[in-house]
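> What follows is a predicted structure for the sequence shown.
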Amino acid sequence: MSSQEVEVLIVGAGQAGVAMSEHLSERGIPHVVLERHRIAERWRSMRWDSLVANGPAWHDRFPGLEFTDIDAGSFPSKEQVADYFVAYAEKIGAPIRCGVEVTSVRRNVGAPGFHVQTSDGEYNARYVVAATGPFQRPVIPAVVPETAGLTQMHSSSYRNPGQLPQGAVLVVGAGSSGVQIAAEIQRSGRQVYLSVGPHDRPPRNYRGRDFCWWLGVLGKWDASTPALGAEHVTIAVSGADGGHTVDFRALAENGIKLVGRTMEIQDGTMRFADDLRTNIANGDAHYLELLDEADAYVERNGLDLPEEPEARFLRPDPESLTSPIRELDLAGAGVTSIVWATGFAVDYSWLQVDAFDAKGKPLQQRGVSTEPGVYFLGLPWQSRRGSSFIWGVWHDAKYVADQITIQRSYLTHNEQDALVASGAV
């Protein structure tokens, strides 16, 4: 085990780590990227088999490289996305060391920088960038005890319906993961109950343009903070089957039973909040509002885009909306498993510095932490709405690289003054 000196140490070689490496290399800043598994590992091993990106290939990429094995308007598979980052890392010559796990980072005492302990020995780094992103620790609410006799798994462990025992399935979560997993399980012949919480559901495509384009021209990707009360509202959008607008009524027409937020289980009976109609109505309102803004943009700019009045058609309310299920006897309904599409929490237990609040959330502004020399990258809303998306993290990395460059200039000035004071120059 050896001790190595490095100026910038980046933890994680996913989209954030690769983007960070590119911007540091462009500035001539020495660095190393440590990755405990493979490049973009989470795309390969923490996604279900049929997953595709939620944005088209022309949009969800870095500026310096296009997808070469898929049409620009198509949605790359998880393996294609992972391969893309491997190719990008090779293109820029990123100094990535795979199979190296960072176990602790502590500030040096009486010396600048940080002491980094890894499975490959010790490092001393002047700066540390935590590029592990927001999807670190799967969250399963403490609702159903293990003694309930149900198979429970997080969406990050779900691969395909064949994993699940025979019987009906409760999918908890109405974001992109939850709706796609629920639809896939339903198509396999299972009865699915989908627990729907607050959500936004933009149109996948409107007037010949993808929603990623609309959010761009309408300035929504650059929103700096979420709307009041929307911090935990998930986005329901899908690139599956060539891309389509998520429609909960259509899911119900196909046999999925919609229920409200999952609250508690008691004596084998699951209770759901009385909020399903409200959640669906709010999602509809967001959808229609975006159509209004798009129409206004077309008119304001005199664009020749085809009108699409049928996009405003809402299917009739299914029985699960008109007569909501508030309680469900799981055994009586044949439910044998639960898939929790309930998101992730951060886990920076390895980063032992003064840069977190009482709940372990990073204290940072645009990636610059309260601990001088420590930076974060890939966080949701780090600088804008698009921060945790592929293209967004690339732009955030540029800003963080600029901040490191500024700090290096201060250190260079200090070292020059010290040399002058000592008479060395």
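Right, received. Where do you want to start?

> list the contacts for F356?
By C-beta atoms under 8 Å, 6 or more residues apart in numbering, F356 lies in contact with Y348, P362, L363. Every C-beta, even on glycine, is put in place using the N, C-alpha and C of the backbone.

> for R190, same thing?
P161, L164, G167, A168, V169 are the contacts of R190 under C-beta under 8 Å, 6+ apart.

> Would you mark the buried spots in stretch 164-176?
L164, G167, A168, V169, L170, V171, V172, G173, A174, G175, S176 (16 or more other C-beta atoms under 10 Å).

> Of those, which is the nearest to M270?
L170 (7.1 Å; C-beta to C-beta).

> who's the closest one bridged to?
Y193, I338 (DSSP bridges).

> so how far is G189 from it?
Plainly put, L170 is 16 Å away from G189 if you go by C-beta to C-beta, to the nearest Å.

> repeat for R38
34 Å.

> circling back to that earlier point, now, which of the buried residues of stretch 164-176 sits nearest R97?
S176 (32.1 Å).

> What does the pLDDT read for the closest one?
What the model reports for S176 is a pLDDT of 93.

> which residues does the spatially most central residue of the chain contact?
Nearest to the centroid of the C-alpha atoms of the chain, with distances taken as C-alpha atoms, centre = their mean, sits S388, at 5.5 Å. Counting by C-beta under 8 Å, 6+ apart, S388 makes contact with G133, P134, G378, L379, P380, W381, Q382.

> which pair in those residues spans the largest distance?
The widest separation within the contacts of S388 (C-beta to C-beta) is 13.1 Å, between G133 and W381.

> Tell me who's in contact with V237.
N54, S176, R201, P202, R204, F211, V246.

> Where does the closest residue in space to S387 that isn't next to it in sequence sit: helix, strand or coil?
Distances taken as C-beta to C-beta, 6 or more residues apart in numbering place D396 nearest to S387, at 5.4 Å, with adjacent residues excluded. Secondary structure, DSSP: H, G, I helix; E, B strand; the rest coil: D396 is helix.

> distance of D396 from D267?
Counting by C-beta to C-beta, the gap from D396 to D267 is 48 Å.

> more crowded one of those two?
Counted by other C-beta atoms under 10 Å, D396 and D267 do not tie: D396 has more neighbours, with 25 against 5.

> all helices of the stretch 151-300 of the chain, in order?
Here the stretch 151-300 of the chain has its helices, by DSSP state H, counting those that start in this stretch, at 176-187, 211-217, 248-253, 276-301.

> Serialize these to JSON lines and add fields for distance to E7.
Shown next, in JSON lines, are the helices of the stretch 151-300 of the chain (distance: least, C-beta to C-beta, whole Å):
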{"stretch": "helix 176-187", "distance to E7": "38"}
{"stretch": "helix 211-217", "distance to E7": "35"}
{"stretch": "helix 248-253", "distance to E7": "50"}
{"stretch": "helix 276-301", "distance to E7": "45"}
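
> Determine which stretch of these is the most buried.
helix 176-187 (a mean of 23; mean count of other C-beta atoms under 10 Å).

> Which elements pack onto that helix?
Applying 3 or more C-beta pairs under 8 Å, 6 or more residues apart in numbering; DSSP states H and E, we find helix 176-187 packed against strand 168-172, strand 192-195, helix 248-253, strand 335-340.
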